[in-house]
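Visitor: Pasting the sequence and the predicted model now:
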Amino acid sequence: MAREIWKWLGIPLIMIGIAAAIVIYSVNNPADSIVERMLTYDRVFRVIREHMGLLLVSMTGATIVGVGGGIMLSRPSLYRIGRVMETVVNIGQTVPSLAVLALFYTILGLGFNVAVFALFLYSILPILRNTFAGIDGVEHNIIEAARGMGMRPLRILTKIELPIAFPIIVAGLRTAIVINVGAATLATFIGGGGLGDLIVTGLSVHRDMIIFNGAVIAAVTAILLDYLIGKVEERVVRWA
């Protein structure tokens, strides 16, 4: 039991400990008065909360819409539209995240909600693409055999297509969340807050210690979330 718990929590605890040690050292040993004033525990905890809020809200919506949309587009009646959408999504993924945030800033203005909406749209792309591709990649012979056994479309979807496509769908989720963590640091430019506040502040006052703290926390967050989702996927696949 202890070994199983350590397999799940060992790496996350180590990485959190490293990030915490860097923050504690930086706050308690500032390089100068500017760093001391701008890098405090209150500010670090505030930007982490803002960043987690951006991630949680945008990824929840993107997962629901992306997986649901991918399933709908994989249905025979919408399959051709799904193929077109897959191409559009692949093109859309090449658009820089800063450009997406800037576009919605010019349309909707500043603030947390605008940043969430932009991140939500940007995160949908890999989830939608992988969901459609995963279901589309299920062998046609398997589907035909299920139909021959009298299974209805909904049962085929839930019992055959989704379980087979599950690893590909999760890969899309992992890609989306890593992209989202990085893109969310840019939300500071449109008043969305987050870890980007530390990075931009450090750049504006030319203090590497502030930049380093924001970048380390963002990197650790991306690695941890990717790791934990991978562990959940491994557990679900083993259980299934």
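Guide: Looks like it came in fine.

Visitor: ok, how many other residues are close to Val57?
Guide: 17 (other CB atoms under 10 Å). All C-beta spots, glycine's among them, are computed from the backbone N, C-alpha and C.

Visitor: what about the residue nearest to it when sequence neighbours are not counted, distance to Ala187?
Guide: Sequence neighbours aside, Val116 is the residue nearest to Val57 in space, at 4.9 Å (criterion: CB to CB, 6 or more residues apart in numbering). Using CB to CB, to the nearest Å, Val116 is found at 8 Å from Ala187.

Visitor: Common neighbours of these two, please.
Guide: Taking CB atoms under 8 Å, 6 or more residues apart in numbering as the criterion, Val116 and Ala187 both touch Leu54.

Visitor: Look at those two and report which has more neighbours.
Guide: Neighbour count, other CB under 10 Å: between Val116 and Ala187, Ala187 has more, with 27 against 21.

Visitor: and the more buried one, what is it in contact with?
Guide: Per CB under 8 Å, 6+ apart, neighbours of Ala187: 54, 101, 112, 115, 118-119, 193-194, 196.

Visitor: And those, which is closest to Asp32?
Guide: Gly196 (22.4 Å; CB to CB).

Visitor: Tell me if I'm right that that closest one and Ala183 touch.
Guide: No: the criterion here is CB atoms under 8 Å, and Gly196 misses it with Ala183 at 9.6 Å.

Visitor: I'd like the distance between Lys159 and Asn141.
Guide: Taken as CB to CB, the span from Lys159 to Asn141 is 16 Å.

Visitor: more neighbours, these two?
Guide: More crowded of Lys159 and Asn141, by other CB under 10 Å: Lys159, with 12 against 8.

Visitor: Skipping adjacent residues, who's closest to the more buried one in space?
Guide: Met151 (7.3 Å).

Visitor: in what helix or strand does that neighbour lie?
Guide: Under DSSP states H and E, no helix or strand contains Met151.

Visitor: and it, how far is that from Leu162?
Guide: 13 Å.

Visitor: For this structure, give me the ranges with low pLDDT.
Guide: Across the chain, the ranges flagged by pLDDT under 70 are 1-7, 92-98, 237-240.

Visitor: show me where it has helices.
Guide: Applying DSSP state H to the chain gives helices spanning 2-28, 33-38, 41-73, 79-92, 97-108, 112-136, 140-148, 153-156, 162-184, 196-205, 208-239.

Visitor: give the contact list for the residue positioned nearest the centre of the chain.
Guide: In the chain, the centroid-proximal residue (CA atoms, centre = their mean) is Ile177; its distance is 1.2 Å. Contacts here follow CB under 8 Å, 6+ apart; on that basis Ile177 touches 55, 59, 123, 222, 225-226, 229.

Visitor: One more: Arg155?
Guide: Ala146 are the contacts of Arg155 under CB under 8 Å, 6+ apart.
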